[in-house]
Structure formats: C-alpha cells, structure tokens
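Student: need a structure here:
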Amino acid sequence: MADLASEQLQQNPAGWPVAVLALFERAITCEYATLTSQHTPITYPVTPYIGDDGRTLDVSTGLAYPTKAERARRIPKVALLYSDPVGSGLSKPPVVLVLGLASVRDANLQHNTDRYIRMSMSKVPSAYKSIPAFLLRRMPWYLARIWIQVTPLRILWWPAGEIEGQPHMWQAPTETAAPVSDPAPSGKALGVWKAAPADWRSGAKYAVQNLGDPILTIVTADGFPLPFRVRNATLVPDGIRVHVPAGFPASVTGSACLTFHTHPEEFTGQQNLVFVGQVQQEATGYVFKVERQLGDWSLAGSRLRATWDFFRNGRKLAPRLAVEA
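Tutor: This is a model prediction of the structure:
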C-alpha cells in the first residue's frame with residue numbers, strides 16, 4: 001500500500017481486498033459492462049478512477065454521448081473488469097472483476113467537468129500534452145461529463161492474471177446499498193451518435209487479426225453483466241470461436257457481447273470494436289454468433305492521425321451538447 005497515491009485507498013474505508021488496490025489506483029483502462037432495456041450486455045473500455053470517498057469505483061462518459069450512463073440509470077447492475085494492465089506500470093497484477101450497483105451523477109455538470117479534467121490529466125497526461133490550450137477550450141463536447149459511481153457488491157480476483165484457475169472472492173456487507181442516481185433528464189434521447197457498419201465481417205476479421213484477446217460479456221443468473229477475457233479468437237462463417245478459460249465464473253450461454261480493444265503503453269490513442277449476439281457451446285468449443293457490430297470510437301495510427309480523427313468526431317458531437325445539457 002505504500003506506493004499508492006490515494007489517501008482514500010490507504011485508509012480503505014470499504015474494506016476492499018488489499019491485493020486489488022494497486023490495480024484500482026493505477027489501471028489506465030477497464031472494461032465497463034451495462035445492460036440494455038432488452039438485457040443485452042454492452043461492454044466498452046473506459047478509464048477508471050477511485051471515488052472521492054474511497055467507496056466507489058468511478059467511470060465517466062461524455063455528456064454528448066450519454067448512453068453508457070443512461071443504461072446504468074435504467075438498470076443499475078453493472079460490472080467492471082480490470083484485465084488490461086498496459087500503462088499501469090504494474091508487473092503481473094491480478095485480473096479483477098467487480099459486480100456492483102451504479103449511481104449516475106449528472107445534476108452538476110460544471111462540478112463533473114472540473115473533476116474529469118483534474119483526474120484525467122493526472123492519470124493520462126500523455127493524452128493532453130500535445131493539445132494547445134486554445135483547442136482544449138474548444139472541447140466542451142468531450143470534456144463535459146457524466147459520472148457513473150459503482151458501489152462494489154462482489155469483487156473476484158485471479159492472482160497474477162492466472163484466469164485458468166479459480167478466483168478469490170470478496171463480498172460486501174449485506175447492508176451495502178448504492179446511492180440513488182440523479183433524476184433522469186426530460187426530453188427525447190438523441191440516440192447513438194455514430195452509425196454502425198452494415199456488415200460486421202470486415203470489422204471482425206480486423207479485430208481477430210490485430211486487437212488481441214477479446215472480452216466476452218454474458219448475463220448472470222442474478223441479472224448482472226459479467227465481462228471476462230477469452231482467448232484464441234478465430235473467425236468462423238457465422239461469428240467468432242473463442243476459448244473460454246476454466247476460471248470463467250458463470251455459465252457461458254445466451255445473449256452476449258464481444259469486445260476487442262487495445263491502446264499503447266503511453267495513452268495516445270485507442271482501438272475498440274464491439275459486437276453483440278449470442279454465445280453457444282458447440283462440439284468444437286464456444287462460438288459467439290454475431291448479430292451486429294456497434295459503433296466505435298477508435299483513434300489509431302500516428303499521433304497526428306489520432307488527433308485529426310478525435311476532432312473530426314468532435315464536429316459530429318458538438319451540436320449534440322446543447323441538446324443534452
């Protein structure tokens with residue numbers, strides 16, 4: 001614990017397992033899973049933070065693209081998977097899965113934005129260092145934020161990332177409850193901001209060949225999305241075959257999401273491709289049968305190319321900001 005910067009974690013008021021604290025503090029990305037109104041799991045990579053009181057694990061989404069928050073406000077059962085230590089500086093950290101309840105915070109947008117700027121510049125300074133101040137002042141479409149605070153109910157961890165083995169588990173006290181979310185805004189939702197590809201196959205081929213082991217998310221018997229890293233993804237005619245590690249802590253069937261993502265050690269870009277469908281066990285193993293690909297926000301290539309794509313996305317998102325606000 002001596003190397004942790006967070007005073008809240010040093011005090012550890014929630015009593016989380018000591019083995020997971022360093023990763024909570026230093027992870028650059030985690031996989032955040034929510035449920036649609038049809039109880040389809042959706043998982044995207046996000047940057048995680050420690051809550052101000054040391055009792056929640058917080059993620060954010062832009063006010064101009066609030067779907068990640070709206071799903072959590074509607075169905076507060078969510079999950080966070082810490083399975084990608086790239087950029088954390090940690091050697092052989094555990095893989096950590098958190099199942100918890102979400103509280104959405106969007107009543108005080110200025111406070112949210114100030115907090116996001118302060119915390120993100122501290123955690124991923126490389127993402128900002130080449131952006132001139134005058135451009136930062138033109139980024140409210142990105143910097144205006146909604147926070148999602150996750151109160152952990154269960155924490156499972158696999159020491160040294162050995163996900164073929166069985167996990168350790170921490171359970172929150174039975175009286176643990178999450179604060180109520182801020183009231184939902186009135187008015188009609190704008191929906192997705194980026195159209196999905198009509199054909200998922202080219203995206204799936206690229207993901208399998210270039211983006212490493214994906215995250216498979218299923219829905220547990222008690223209604224939580226459960227993301228877990230799987231291996232050896234290969235393309236088949238109707239989807240993607242994967243190896244499910246022996247440590248997967250639930251039944252692997254039904255409605256599912258498959259998420260590929262990667263980012264460099266110094267966080268200067270990202271790639272993510274997300275598919276939804278059904279996972280089935282067959283004689284040759286598990287097959288994720290793709291129904292469709294979702295829209296993504298990938299910033300790949302050179303630093304100049306990633307910055308150009310970032311601001312090109314901004315031109316689409318900026319008009320949505322006033323409506324959402």
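Student: and stretch 201-221, how far apart are its ends?
Tutor: The separation between the terminal residues of stretch 201-221, taken as C-alpha to C-alpha, to the nearest Å, is 30 Å.
Student: I meant to write stretch 135-147 there.
Tutor: Using C-alpha to C-alpha, the end-to-end distance of stretch 135-147 comes to 23 Å.
Student: where does the prediction get shaky in the chain?
Tutor: Residue ranges of the chain with pLDDT under 70: 1-9, 130, 193, 301, 303, 308.
Student: so where do the helices sit in it?
Tutor: Taking DSSP state H to define them, one finds helices in the chain at 7-11, 18-26, 67-74, 109-123, 133-136, 140-143, 201-210, 303-324.
Student: residue 39 is nearest to which of the ones you listed?
Tutor: helix 67-74 (10.5 Å; C-beta to C-beta). In short, each C-beta sits where N, CA and C put it, glycine included.
Student: alpha carbons only: can I get that closest one in CSV?
Tutor: What follows is helix 67-74 as a C-alpha-only set of coordinates in CSV (Å, rounded to 0.1, in the frame of the first residue of the first chain):
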residue,chain,number,x,y,z
THR,A,67,-25.8,6.1,-23.5
LYS,A,68,-23.4,4.4,-21.1
ALA,A,69,-24.9,6.4,-18.2
GLU,A,70,-28.5,6.1,-19.3
ARG,A,71,-28.3,2.3,-19.4
ALA,A,72,-26.9,2.3,-15.9
ARG,A,73,-29.6,4.7,-14.6
ARG,A,74,-32.3,2.4,-16.0
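Student: so residue 103 touches residue 177, yeah?
Tutor: No. Shown here, residue 103 and residue 177 do not form a contact pair, counting by C-beta atoms under 8 Å, at 10.0 Å.
Student: so these two - more neighbours on which side?
Tutor: Neighbour tally, residue 103 and residue 177, criterion other C-beta atoms under 10 Å: the higher count belongs to residue 103, 22 against 11.
Student: quick one: contacts for that one?
Tutor: Contacts here follow C-beta atoms under 8 Å, 6 or more residues apart in numbering; on that basis residue 103 touches 56, 76, 148, 149, 150, 151, 178, 179, 180, 181.
Student: which ones among those map onto strands?
Tutor: 148, 149, 150, 151 (DSSP state E).
Student: using JSON lines, please lay out the contacts of residue 103 together with distance to residue 288 and neighbour count.
Tutor: Formatted as JSON lines, the entries for the contacts of residue 103 read as follows, by distance: C-beta to C-beta, whole Å; neighbours: other C-beta atoms under 10 Å:
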{"residue": "56", "distance to residue 288": "31", "neighbour count": "23"}
{"residue": "76", "distance to residue 288": "26", "neighbour count": "20"}
{"residue": "148", "distance to residue 288": "26", "neighbour count": "27"}
{"residue": "149", "distance to residue 288": "31", "neighbour count": "24"}
{"residue": "150", "distance to residue 288": "26", "neighbour count": "24"}
{"residue": "151", "distance to residue 288": "30", "neighbour count": "21"}
{"residue": "178", "distance to residue 288": "31", "neighbour count": "18"}
{"residue": "179", "distance to residue 288": "35", "neighbour count": "13"}
{"residue": "180", "distance to residue 288": "35", "neighbour count": "9"}
{"residue": "181", "distance to residue 288": "31", "neighbour count": "20"}
